[in-house]
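> What follows is a predicted structure for the sequence shown.
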Amino acid sequence: MNNTKEIFMAGLWEDNPVFRQMLGLCITLAITNKVANGVTMGVAVFFVLTASSFVVSVIGDSVPRRVRIPVFMLVIATFVTLVYIFLQAFFMPLSEALGAYVGLIITNCIILGRLESFSSENPPWESLVDAAGVASGFAFALIAMSVVRELLGFGTIFGIQVLGSGWTPWVSMILAPGGFLVLGLLIWVERAISPVEED
Amino acid sequence: MKKEVWMVTVLVLVATISAGVLGFINVTTRPIIKENEARKLRESVLSSVNVDYNSDNLEEKFKSTIETQEIDGREVFFHYGQDGELQEVAFRISGSGFQGPIQGIISLKPDLQTIVGLEFLSQQETPGLGARITEDWFLNQFNGKVLKPKIEVVKGGSSADNEVDAITGATRTSKSVQGIINNGVEKMKNEVLTDQAMEGLGNE
């Protein structure tokens, strides 16, 4: 697999981390009640995933197999902490909204999964493309979910009123049940567009 | 043996680089983060005493209208009018909400009973439900309410001078806010802004 476009599209669509691989669902369910949160989390994960993929792919060969997981975790944790401090310093309101979830990117299985299964065994360029694809796929899923949830739950997009004042917000859309419902529906839509090939 | 040494070396190396990078970033951004928090506090204090400000004149407005005093380790903000008469006293209140700590600023008339303004500095309540305590319609309800004897958050139509409407679907958060206000003011009155202390201030 060295076709750049193929690797990217696999992460974005065919192997979408949320809709196909069912990874990172905790964050997906928790923060997608507002589009701004979804976008921020998408960008944060994009940065952490591409940066740590690159680093791991560069140092991958010199890391002994038995300590690779601690090394991966250290690399991920470093970049996550950077994002956390950066948000606090320059995007205070977003940092307040996302709160603990930024720190939880460390345990996001999408990131560790990519490092373990791709970056550590592939050259830096391919790893970057793969990371960008998967991260875009994650961001796409987050934004798709948060658009539906914010629209129905608040009647707004990015905090701007979209549905008229006659709209009664569906409070449950903002809460956990709405998250599960929208996730299920979106997985259905995704699979209707490109059906899973049965073996 | 050689393998083990290499393993330890790699781990130590990666950890050292990581700590170095984070340490550097932490030191360089700390003043900015501190400043952000200070700004938020000043904004909340000014809003709570109904002083208009914008992002450009925040600093200047705060300096010219608010006198900050530290009494017994607690920050108290005094707002004096043109004639030097004490208008409002503002201070921090905090306590547990439904999902996490809630911190706010409350400002009172010098009688320490009438609420002039309420602002929240931080909260982690449920978005769309408890988090609505930061919306203006909720906060503005408190303006002019009297802690006599205590603030009551009620369901379905507040009427008395000490009653405000609860948020539908966020009873626990609403009750927490009630407790935070009542306890915060009570504590401040008993420990810092005692009758004696207030008497001294009024004649300034």
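Thanks, I have it. This structure is a prediction, so every number in the text was calculated from the model and none was measured.

> pLDDT score assigned to the residue sitting furthest away from the middle of chain A?
Relative to the mean C-alpha coordinate of chain A, counting by Cα atoms, centre = their mean, the farthest residue is residue A:166 (33.7 Å). Residue A:166 carries a pLDDT score of 79 in this model.

> I'd assumed it was in a helix, is it?
No. The assignment for residue A:166, made by DSSP: H, G, I helix; E, B strand; the rest coil, is coil rather than a helix.

> neighbours around whichever residue of chain A sits closest to chain B, how many?
Closest residue of chain A to chain B, Cβ to the nearest Cβ: residue A:174 (3.7 Å). C-betas here are computed from N, CA, C, even on glycine. When neighbours are counted by other Cβ atoms under 10 Å in any protein chain shown, residue A:174 registers 23.

> wouldn't it be in contact with residue A:151 here?
No. Counting by Cβ atoms under 8 Å, residue A:174 sits too far from residue A:151 to count as a contact (11.1 Å).

> which ones are touching the most centrally placed residue in chain A?
Centrality entry for chain A: nearest residue to the mean C-alpha point is residue A:138, 3.5 Å, by Cα atoms, centre = their mean. Taking Cβ atoms under 8 Å, 6 or more residues apart in numbering or on different chains, we find residue A:138 in contact with A:16, A:17, A:18, A:24, A:42, A:45, A:46, A:49, A:110.

> Can you report phi and psi for the fourth one?
Translated: residue A:24. In terms of degrees, to the nearest 10, the main-chain angles of residue A:24 are phi 70, psi 30.

> For it, give its distance to residue A:113.
Noted for residue A:24: a distance of 9 Å to residue A:113, by Cβ to Cβ, to the nearest Å.

> Which one's more surrounded, the two?
Each of residue A:24 and residue A:113 has its neighbours counted (other Cβ under 10 Å); residue A:24 has more, 24 against 15.

> per-residue pLDDT, the more buried one?
The model's pLDDT for residue A:24 equals 86.

> For it, which non-adjacent residue is closest in space?
Spatial nearest neighbour of residue A:24, excluding adjacent residues (Cβ to Cβ, 6 or more residues apart in numbering or on different chains): residue A:110 at 4.5 Å.

> residue ranges with poor pLDDT in chain B?
Scanning chain B for pLDDT under 70 picks out the ranges B:200-204.

> Same question for chain A.
Where chain A drops to pLDDT under 70, the residues are A:1-2, A:99-100, A:198-199.

> all strands for it, in order.
Along chain A, the stretches classed as strands by DSSP state E are A:156-157, A:160-161.

> hang on, the earlier thing: was I right to think the residue nearest to residue A:24 contacts residue A:20?
No. At 11.5 Å, residue A:110 and residue A:20 do not qualify as touching, with contact defined as Cβ under 8 Å.

> So those two - more neighbours on which side?
More crowded of residue A:110 and residue A:20, by other Cβ under 10 Å: residue A:110, with 25 against 19.

> What parts of chain A come near chain B?
Applying Cβ under 8 Å from any Cβ of the partner chain, we find that chain A lies next to chain B at A:33-34, A:59, A:62-64, A:66-67, A:70-71, A:74-75, A:77-78, A:81-82, A:85-86, A:88-90, A:92, A:96, A:99, A:153-154, A:169, A:171, A:174-175.

> residue contacts, residue 136?
If you meant another chain, say so; for now it's chain A. With contacts defined as Cβ under 8 Å, 6+ apart, residue A:136 is in contact with A:8, A:11, A:12, A:46.

> that's the wrong chain, I wanted chain B
Under the criterion of Cβ under 8 Å, 6+ apart, residue B:136 has no contact partners.

> How about residue A:28?
A:18, A:141, A:142, A:145, A:179, A:183.

> residues in contact with residue A:156?
Taking Cβ under 8 Å, 6+ apart as the definition, contacts of residue A:156 comprise A:150, A:162, A:163.
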